[in-house]
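Engineer: this one's sequence-less:
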C-alpha cells in the first residue's frame, strides 16, 4: 500500500509539471505564430523584389525591401517585427555558356575594384602598427578592431583559433597560415597576399595590388581581387559563391576547376533573374 501511494504521488507530480510546462508554452504560441508570419512575409517580399513581381491585392501585407550592393552581390533587407531578414543574391550561370559579353565583364570588374577601394578609404582603423608585424597564437583583443600596418609586412600564425572578424590594411605583404577558422576576413594589401594551411575562411573580401596565392588545404569563400594575378593549388576548397578577378591560374597540373555553374556579379545578370544564396535573421 505505501508503495502504491508513493507511486501515485510521483505520477501526480509528473503530470502536474507537464501541465505547467505546456501551459506556459501555450501562452507563448501567439508570439511564435506572429514571429513566423512576420519572417515569412519578409522572405516573400525579398523574393518578389528579386523577380520584380508585384504581389496580388489578395496577398498579405508585406514589408518594404531595402536593397544595396555589397561588392559584386546584392544585399536585400526587410523588417520582420523587431528583427530584420537579410538575403544575399547573385547571378547564377554557367562559366562555359556565358550570357554576358566581355564588355559587361569588364564593367563588373571595374565596379568591384571601385567598391572595395572606396570601402577601404572609409574604414576607421582601431590601431596603427609600424614595420613588420607577426602575430603568433593571437588573442581576440589583439585583432578585434581593424588594423593598419604601415610600411611593413603582416604575418598571422593561427593555432586552432576561431575569430569572428579580421580586417587589415597593410602597406606590404600579407601571409596567413596555420590552422583555424575565420568567419569574416577583409584584407587590403599594397603588396601580395599568401594564404595557406588548414584554415577555413567563411566569408572574405581581399584586394591586393600584387599577386594573391592560395595554397592547399585552405578553404575560402568570397571575393578575391588582384591587380596582378591569382594563383591556386589543387586541394584548395572554393566555397560558393566565390568570384576572383583576374581568373585563377593553376600552379601545377592536377588543379581541379570549380563547378561549371557558379554565382557571378549582379552586373552580369542583365534582365535575367537573380538567385538568393544565403539568408540570415538578426
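Structural biologist: Right, received. Where do you want to start? Keep in mind the model is a prediction, meaning the values are calculated, not measured.
Engineer: Now the element after the helix or strand of the chain with the lowest mean pLDDT, going C-ward?
Structural biologist: Of all helical and strand segments in the chain, the minimum by mean pLDDT, DSSP states H and E falls on strand 248-250, at a mean of 65. Once the chain leaves strand 248-250, the next helix or strand it forms, by DSSP states H and E, is strand 261-264.
Engineer: Let me see the mean pLDDT of stretch 159-172.
Structural biologist: Throughout stretch 159-172, pLDDT has a mean value of 93.
Engineer: And the helices in the stretch 51-200 of the chain?
Structural biologist: 102-121, 140-143 (DSSP state H, counting those that start in this stretch).
Engineer: possible to save those helices as a markdown table with mean pLDDT and mean neighbour count?
Structural biologist: Heads up, the C-betas are built off the backbone N, CA and C, glycines and all. Listed next are the helices of the stretch 51-200 of the chain as a markdown table, based on pLDDT from 0 to 100; neighbours: other CB atoms under 10 Å:
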| stretch | mean pLDDT | mean neighbour count |
| --- | --- | --- |
| helix 102-121 | 88 | 14 |
| helix 140-143 | 84 | 12 |
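Engineer: okay, these in a markdown table with distance to residue 207 next?
Structural biologist: Below are the helices of the stretch 51-200 of the chain laid out as a markdown table (distance: least, CB to CB, whole Å):
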| stretch | distance to residue 207 |
| --- | --- |
| helix 102-121 | 5 |
| helix 140-143 | 19 |
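Engineer: nearest to residue 68, of those helices?
Structural biologist: Counting by CB to CB, residue 68 lies closest to helix 102-121 out of the helices of the stretch 51-200 of the chain; the figure is 10.9 Å.
Engineer: host element of the residue nearest the centre of the chain?
Structural biologist: Geometric centre of the chain, nearest residue: residue 203, 3.8 Å, by CA atoms, centre = their mean. According to DSSP H and E, residue 203 maps onto strand 198-208.
Engineer: List the neighbouring strands of that strand plus their orientation.
Structural biologist: Paired with strand 198-208 in the same sheet, following DSSP bridges, are strand 174-182 (parallel), strand 185-189 (parallel), strand 219-226 (parallel).
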